[in-house]
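Colleague: Return atomic coordinates for the entry below.
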Amino acid sequence: MTRHFDVADRSLQRDQIPLGELLVPEAFRQFQYPTAPLAVFQEDLIRSYRSFLDQRRSLRPTAEYRDPTDDEWREFQQHFALRKLELGTCGRPYGTPCKHEHACIRCPMLRVDPAQRARLIEIIRSLTERIAEAKLNGRLGEEEGLRVSLEAARNKLTAMDRTRNQSTTRIADLGIPQIRKA
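Modeller: Residues are numbered from 1 along each chain as shown. Predicted coordinates:
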């Protein structure tokens, strides 16, 4: 029995309610299933997750669920204030140090603000000029470091453009709803 059927069988054993009638798209009709594919209410997923959290919380010390002190709360808020950068936002988790010594252009946790695209292009141009200058002056170590930064900046620009292109191709104009008269 495949994993699909195991999940379906477990869903039925726990008396979960299918999402309406059996939903069998045309693509599934060509296959023979012992039980038809079914969808589970999102409410069941939420109920299961909440049950998991309740069980997990019951195993943890109650001292961990106290209200934070004023100093702890200020420190937490300060972390998010420090995440705002020239090009966007640092996505590193709370309480973790910056591993890149604030060389943010190299960091995969930097989320570039689309409004800063022109600034990112300017940084790429500047890095290219600085690489040429370092090469001309024989500073090979600096040249290598700048190349790493240039590659990271180009990757961020590519990712930003890819995200922008994906988001615009997925928008569908459905028009204005019309009320039908019977």
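Colleague: Break down this protein into its helices, ranges please.
Modeller: Assigned by DSSP state H, the chain shows helices spanning 3-13, 26-29, 42-59, 70-81, 117-136, 140-169.
Colleague: Can you list the buried residues in the fifth one?
Modeller: In other words, helix 117-136. Arg117, Leu120, Ile123, Ile124, Leu127, Arg130, Ile131, Ala134 (16 or more other Cβ atoms under 10 Å). Where C-beta positions appear, they are placed from N, C-alpha and C, glycine not excepted.
Colleague: What count of nearby residues applies to the closest residue to the fourth one other than its chain neighbours?
Modeller: Going back to what we said before, that points to Ile124. Using Cβ to Cβ, 6 or more residues apart in numbering and skipping the chain neighbours, the partner closest in space to Ile124 is Ala153 (4.9 Å). Other residues near Ala153 come to 22 when the count uses other Cβ atoms under 10 Å.
Colleague: Would you agree Ala153 is in contact with Leu120?
Modeller: Yes - using Cβ atoms under 8 Å, Ala153 is in contact with Leu120, at 6.3 Å.
Colleague: Could you export the buried residues of helix 117-136 as a markdown table, including pLDDT and distance to Gly141?
Modeller: Below are the buried residues of helix 117-136 laid out as a markdown table (pLDDT from 0 to 100; distance: Cβ to Cβ, whole Å):
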| residue | pLDDT | distance to Gly141 |
| --- | --- | --- |
| Arg117 | 92 | 30 |
| Leu120 | 93 | 25 |
| Ile123 | 93 | 20 |
| Ile124 | 94 | 21 |
| Leu127 | 94 | 15 |
| Arg130 | 95 | 13 |
| Ile131 | 95 | 12 |
| Ala134 | 94 | 9 |
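Colleague: Tell me the one of those nearest Arg60?
Modeller: Nearest to Arg60 out of the buried residues of helix 117-136 is Leu120 (Cβ to Cβ; 42.7 Å).
Colleague: Would you mind identifying the helix or strand in the protein with the lowest mean pLDDT?
Modeller: Least confident element among the helices and strands of the chain, by mean pLDDT, DSSP states H and E: helix 3-13 (a mean of 48).
Colleague: Fine by me, we can end here.
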